[in-house]
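Student: here is my input; please provide its structure:
(chains A and B, ligands or ions: 2)
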Amino acid sequence: MWKVTVKGILTHKLRLALTGLAIVLGVTFISGTLVLTDTLHNTFTSLFGNVYQHVDFQVRSKAAFTSNSAGGGAVRTPVPESVAGTVRAVPGVAYAEGSVSGYAQFVAPDGKAISTGGAPTLGVSFDPNPELSSLRVVAGHAPGSTHEIAMDEGTATKYHFHVGERVAVLLTGRPQTFTLSGIVRFGSAENLAGATLAVFDLPTAQSVLGKVGQYDAIDVLATPGADKAAVERAIARALPPGTEVVTGQTVAQEQSNSINQGLSFFSTALLVFAFISLFVGGFTIFNTFSITVGQRTRELALLRIVGASRRQVFRSVLLEAAVLGVVASIVGLGLGVLAAIGLEALLKGFGITLPAGPLVFLPRTVVVALVVGIGVTVVSAISPARRAVAIPPVAALSDQHEEQGESSRRRIAVGGVIAAVGVAALVVGLSEQAIALVGIGAVAIFLGIGMLAPVVARPMASVLGRPLALFGISGRLGRENSMRSPRRTAQTSAALMVGLALVSTIAVFGASLSKSATSSVDEAISADYIITASASGTGGFSQSVAPAAAVKGAAAVSTVYGGEFEFDDVVSNLTAVSTEHLADTVILRVEQGSGAPALAAGDLLIDTTTAATKHLSVGSSVAVTFAKTGSSTMKVGGIFKPNALIGSYLVSDAYFLSHFDDPLPVAVLVRSAPGATGVGAALDRGLRSYPNLQVQTRAQFEQSQQAQVNQLLGLVYALLALAVVIALIGIVNTLMLSVFERTHEIGLLRAVGMRRRQVRAMIRSEAVILALFGAIIGVVIGTGLGVAFADSLQQQGITDLVIPVASLVVFLVLSGLLGLGAASWPARRAARLDVLAAISAE
Amino acid sequence: MPVVLDIGLDIGAGVARRAHTCSTWCLGAATMSGSALQQPGAEGQHHMALDETVAPAPVALAAARAVGLEKTYGKGDSAVHALAGITVEFGRGEFTAVMGPSGSGKSTLMHCMAGLDTPSAGATFVGDQEVSRLDEAGLTRLRRDRIGFVFQSFNLVPTLTARENILLPVDLAGAKVDEDWFDFLVGQLGIGDRLSHRPTEMSGGQQQRVACARALIRRPDLVFADEPTGNLDSNAAGEMLGFLRHSARELGQSIVMVTHDPRGAAYAGRVVFLADGTIVGDMSDPTAESVLEQMKQLGT
Ligand SMILES: Nc1ncnc2c1ncn2[C@@H]1O[C@H](COP(=O)(O)OP(=O)(O)O)[C@@H](O)[C@H]1O
Ligand SMILES: [Mg+2]
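Tutor: Numbering: from 1, shown residues only, chains lettered A, B, ... in the order given. Ligands and ions are numbered 1, 2, ... in the order given. Got it, this is the predicted structure:
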């Protein structure tokens, strides 16, 4: 029986290659993601390992709590300078020096602020001890005075900075200009994972980064030959409360962990899309195997007659799938490595230069790729294999083997139940915010609808094909062909259905998000101008912006801060707005208690959602923890309606400033005086020395919010495109199989006078119907899913529900066109059939 | 006329089946007396058998037999009685032809006897094994190990070479190839030079000879051939039939062949005539002329 299977595989190489392509692409995606993130992981781990290899200990304040943001790490406050002296006095300590880091952003020669693709723009102090410094000077010399600065090699190369030139830098205080004294590398890398580095000598760094008299950490070297464990204990004993000593290894570990945490978020996101692709690929496999089992009915029955057992037939189909899965997974694995190399180059193109390191190809990658690739293929083939087993031996002797109507009725029942369970899981998952349940629900819905689709396939194909039928015999035959086997039509388009469903879900969700973003701006902000950093990754901008924004004609200027604190033992985001001008710049709908007066009294304001979920009311006292000031209790002074700008927790700016170290404003809001003109221009002029900022009217701000949403959507569409491509491969595959199956019939049509062009048109018509069928069902499901998602996130700020009809129609039209494209190869093949050979075919 | 007691063989079987067994014997008797026409379903005989509770069953000689075999397709008004109570035995080492007009139930009889189809009533045996009692796995083993098949068309797996097609039942059984037997069959059938060819690269006659070799490779108890010459020209058909006759005579191979060609039937040692799902005649040592004559008499 192996022989039959193997021969079958060898005979149908092309068909299997097409089928396998679906798996190849999915596995490529998975293994590429794994190789890339493993490589990055390894690179960063060894980078930090190298950087800290000579640091024996680090002294720092104890972590207040761990940040919520991806890769954020522990939130700490600086330690007083005096701690360094304490450490130096400990016997066994050879050297101890403090370091600081903070916000510093370069301005390019063209006057624009240099921003990264999300990585921080860092200002750091330079440690002159070469053993301790993570920075290596590769040109010029280290900064040695208040006028000097060094720059990372990545930025210098990209923006053509040379030693000796003047460089403008944006800081927490006023912008300043320095002389570029040298170029540095971070360990062996041009920069730190895409972050820009502005390097100052220690006192300058302390002053420009807002850490006068403070160190973020103190690096310590033990005397050679000293018992390190003893030295560590001695330092720990000498330290004031609230500070701690850890080994260099620990710091390296923590730093690479925090970067890797960010990476794992990235890889999880990519893997989700990889699995979507494989899921769609599974439909394609299922469909191809179903068709080929159907086409091989007589052969399989013959095998049964000459003595093949049911189990042998079952295993033969599964073996074919397994071989396909193995080959496709191995090819996918290979391509995945290439993809990882390509992606790394792409990242480099985006300015994220990575330290040189070997490509990491873990056994885990091989195992995951093979298990998933083979697993999906084999599981998808189980149902067709069972159908093969059900073929009675006599089927070899009769011309057609009718499928029982009963099985189709059972399929409808099973499909209905699965779809219903899926909907239930989805609803529960959405209301309970259980993402896994939502995923399972969506998968079940797709499977269930896939099983139900054959019921509507014939009538829908008939309706969809009607316009095509008007074009003559080719269209009519194409329509007939698509109606001939409703099951096949439905199965073929199932993959496209899933793809389109996901795309439509995103479209509905995105349109709602985008609309909500705009309307929430209107409902949250009453200021006329909004000043924000034009690029992400900076964490904010200088505190001296707000005073500069008080231009002529500006009636009210308020600063918005954001930071993390622990509320009720949960790390949460806290917002602060200048109390003075609160009413003029922010729309705060206070439901209970008061707004500005409560803020002025140092109370906390929370939104209604939080009040409801945490059972809080005005006057409740809550436990809070700040990194700088530690734990305390706050009084709830007011409860406001959810506000997109503020979020859930609001305090006054004064309170915020006293509980955070040198916080950066995230926005400045300006309300112009009644009748004042030219305020925008005045702001632009007043803020000329802050090229990192953008001054936007509310309308412009709304637009940029929308643009951000759209950018994200574009990325998601791009990732989903692979799933759609796989679905199209499925259509190509089915059409090829159909052409092959109908060789005789097509030959006959040609013999009685059908022209090649007409043959092509016939196949194309069928393809368009197939594609539209899948697309329509997909768009309908996707719209439903999108509405469900958007609806469930009402509390999270998706207040408006928008169904982007135009986009959905575009998707349908595109699907039809893609179907047309998918048909081109099979159509050519059908048109090229040799008439004589086709007619004499069995 | 050997009379064997039924008891030892079929203890569990119902009384009705014994009654049918009786008709086998009755038919056998009628055949021996040369009478072509029989009424095996006659009520009187059934009652007689029931009363006597003892029935002769010439099992020892039969490669396969059917007892009171009925097969009805469909239900109610549209029901087709493809087999309307057939009792017949096919002798061991015998080459039997089954003849009858199209639609008379020849293929159905063969399918039921080979366990490819399930009878509506009655029983079939291969050797002493009651086919209808076998489960799926048993039927698979039966087909694989004890029965060989040759059909009119679509006999071979298109992706396999001739050699692989012939050895398919051996492979499926996971058994060792009897190379001598293989060489012998291939030599006898004259397909030694075609062994590496695919079915599409062979003539119909060659394909059919490959199918023949495959049917015999496991040395089955019985070969069923359903119009094996139906798609062949007269030369190829002659060779095929000659080989089948030779297999029966020289190798003692039991063969049941369905045909509607009197000249083909003449190669057999015995001809059973079928019409409307019943056996209407039985003839030993047929010639083309005698078969034709019989068919004329039966009005087919
Ligand atoms: N699967 C089936 N369903 C319904 N009727 C059938 C089926 N197979 C055979 N028949 C009917 O049973 C009768 C006997 O058929 P068959 O045994 O194939 O005849 P033969 O082989 O002698 O030509 C015919 O009337 C045929 O139409
Ligand atoms: Mg027949």
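
Student: give me the residue at the spatial middle of the chain.
Tutor: Picking chain A for this. A:Ala269 (4.5 Å; Cα atoms, centre = their mean).

Student: let me rephrase: I mean chain B.
Tutor: B:Val256 (3.4 Å).

Student: so who does A:Asp603 touch?
Tutor: Counting by Cβ atoms under 8 Å, 6 or more residues apart in numbering or on different chains, A:Asp603 touches A:Gly593, A:Met634, A:Lys635, A:Val636, A:Gly637, A:Gly638, A:Val651. Every residue, glycine included, has its C-beta placed from N, CA and C.

Student: tally of neighbours for the residue nearest to A:Leu430 when sequence neighbours are not counted?
Tutor: Once flanking residues are discounted, A:Leu430 sits nearest to A:Ser792: 3.7 Å by Cβ to Cβ, 6 or more residues apart in numbering or on different chains. Using other Cβ atoms under 10 Å in any protein chain shown, A:Ser792 has 18 other residues around it.

Student: for A:Thr43, same thing?
Tutor: Quick note: A:Thr43 (other Cβ under 10 Å) scores 23 neighbours.

Student: could you check whether the host helix or strand of it is close to chain B?
Tutor: Element membership for A:Thr43 (DSSP states H and E) is helix A:13-51. No - Helix A:13-51 does not reach chain B (Cβ under 8 Å from any Cβ of the partner chain); its nearest approach is 11.7 Å.

Student: need the residues that contact the helix or strand following that helix.
Tutor: Counting by DSSP H and E, the next helix or strand C-terminal to helix A:13-51 is strand A:57-61. For strand A:57-61, contacts defined as Cβ under 8 Å, 6+ apart pick out A:76-79, A:83-84, A:87, A:96, A:216-220, A:222, A:231-232, A:235, A:239, A:242-248, A:250-251.

Student: buried among the residues you listed? Make that a ChimeraX selection.
Tutor: Provided next is the ChimeraX selection string for whichever of the contacts of strand A:57-61 are buried by 16 or more other Cβ atoms under 10 Å in any protein chain shown:
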select /A:76,77,78,79,83,84,87,96,216,217,218,219,220,222,231,232,235,239,243,244,245,246,247,248,251
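
Student: which parts of the helix holding A:Thr43 are buried?
Tutor: A:15-16, A:18-51.

Student: what's the mean pLDDT across that helix?
Tutor: When pLDDT is averaged over helix A:13-51, the result is 83.

Student: swap in stretch B:158-166?
Tutor: Mean predicted confidence for stretch B:158-166 is 88.

Student: can you check stretch B:219-230 too?
Tutor: pLDDT averaged over stretch B:219-230 gives 91.

Student: returning to what we had before: so what does the helix holding A:Thr43 touch, helix or strand wise?
Tutor: Applying 3 or more Cβ pairs under 8 Å, 6 or more residues apart in numbering or on different chains; DSSP states H and E, one finds that helix A:13-51 contacts helix A:248-295, helix A:310-349, helix A:363-389, helix A:698-741.

Student: the first one near chain B anywhere?
Tutor: Read it as helix A:248-295. No - judged by Cβ under 8 Å from any Cβ, helix A:248-295 stays clear of chain B, getting no closer than 11.3 Å.

Student: so what pLDDT did residue 73 get?
Tutor: Just so you know, I chose chain A. Looking at A:Gly73, the pLDDT reads 65.

Student: ah, I was thinking of chain B
Tutor: 89.

Student: residues in contact with it?
Tutor: With contact taken as Cβ under 8 Å, 6+ apart, B:Tyr73 is in contact with B:Ala79, B:Val80, B:Ala82.

Student: beta partners for the second one?
Tutor: It stands for B:Val80. B:Tyr73 (DSSP bridges).

Student: so where is the stretch 601-750 of chain A shaky, pLDDT-wise?
Tutor: Along the stretch 601-750 of chain A, segments meeting pLDDT under 70 are nowhere present.

Student: quick one: residues contacting the closest residue to ligand 1 within it.
Tutor: Closest residue of the stretch 601-750 of chain A to ligand 1, Cβ to the nearest ligand atom: A:Glu741 (23.0 Å). Neighbouring residues of A:Glu741 by Cβ under 8 Å, 6+ apart: A:Ile291, A:Gln295.

Student: give me the nearest residue to residue 248, chain neighbours excluded.
Tutor: In the absence of a named chain, this looks at chain A. A:Val55 (3.5 Å).

Student: could you do chain B instead?
Tutor: In space, and not counting its chain neighbours, B:Ala248 is closest to B:Phe95: 3.6 Å by Cβ to Cβ, 6+ apart.

Student: before we move on, what about A:Ile803?
Tutor: Among residues not flanking A:Ile803 along the chain, A:Val508 sits closest, at 5.7 Å (Cβ to Cβ, 6+ apart).

Student: how far away is the one you found from ligand 1?
Tutor: 51 Å (Cβ to the nearest ligand atom, to the nearest Å).

Student: just to be sure, that residue is in a helix?
Tutor: Yes - counting by DSSP: H, G, I helix; E, B strand; the rest coil, A:Val508 is part of a helix.

Student: so it sits against A:Ala788, correct?
Tutor: No - A:Val508 lies out of contact with A:Ala788 (Cβ atoms under 8 Å); the separation is 9.3 Å.

Student: who's more crowded, those two?
Tutor: Neighbour count, other Cβ under 10 Å: between A:Val508 and A:Ala788, A:Val508 has more, with 26 against 21.

Student: got a pLDDT number for that one?
Tutor: Predicted confidence (pLDDT) at A:Val508: the value is 92.

Student: what sits against residue 213?
Tutor: Just so you know, I chose chain A. A:Pro80, A:Glu81, A:Gln206.

Student: wrong one, chain B
Tutor: B:Ile166, B:Phe182, B:Leu185, B:Val186, B:Leu189, B:Ile191.

Student: residues in contact with stretch A:180-187?
Tutor: So stretch A:180-187 is in contact with A:47-48, A:50-51, A:126, A:134-144, A:148-153, A:156, A:161-167, A:191-192, A:197, A:199, A:355, going by Cβ under 8 Å, 6+ apart.

Student: repeat that for 7 Å
Tutor: With contacts defined as Cβ atoms under 7 Å, 6 or more residues apart in numbering or on different chains, stretch A:180-187 is touched by A:47, A:50-51, A:134-144, A:148-153, A:156, A:161, A:163-165, A:167, A:192, A:197, A:199, A:355.

Student: residue 170 - how many residues pack around it?
Tutor: You didn't say which chain, so I picked chain A. A:Leu170 has 28 neighbours, counted by other Cβ under 10 Å.

Student: not quite, go with chain B.
Tutor: 19.

Student: for it, what are its contacts?
Tutor: Counting by Cβ under 7 Å, 6+ apart, B:Val170 makes contact with B:Val177, B:Ile217, B:Arg218.

Student: just the buried residues of the residues you listed.
Tutor: Of the contacts of B:Val170, these count as buried by 16+ other Cβ under 10 Å: B:Ile217, B:Arg218.

Student: quick one, which of the contacts of B:Tyr73 are buried?
Tutor: B:Ala82.

Student: let's have the contacts of B:Ala213 in CSV, adding neighbour count and secondary structure.
Tutor: As requested, the contacts of B:Ala213 are exported to CSV (neighbours: other Cβ atoms under 10 Å in any protein chain shown; DSSP: H, G, I helix; E, B strand; the rest coil):
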residue, neighbour count, secondary structure
B:Ile166, 27, helix
B:Phe182, 18, helix
B:Leu185, 23, helix
B:Val186, 21, helix
B:Leu189, 21, helix
B:Ile191, 22, coil
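
Student: can you put the residues you listed in CSV and add distance to ligand 1?
Tutor: CSV is the format used below for the contacts of B:Ala213 (distance: Cβ to the nearest ligand atom, whole Å):
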residue, distance to ligand 1
B:Ile166, 26
B:Phe182, 32
B:Leu185, 27
B:Val186, 30
B:Leu189, 26
B:Ile191, 28
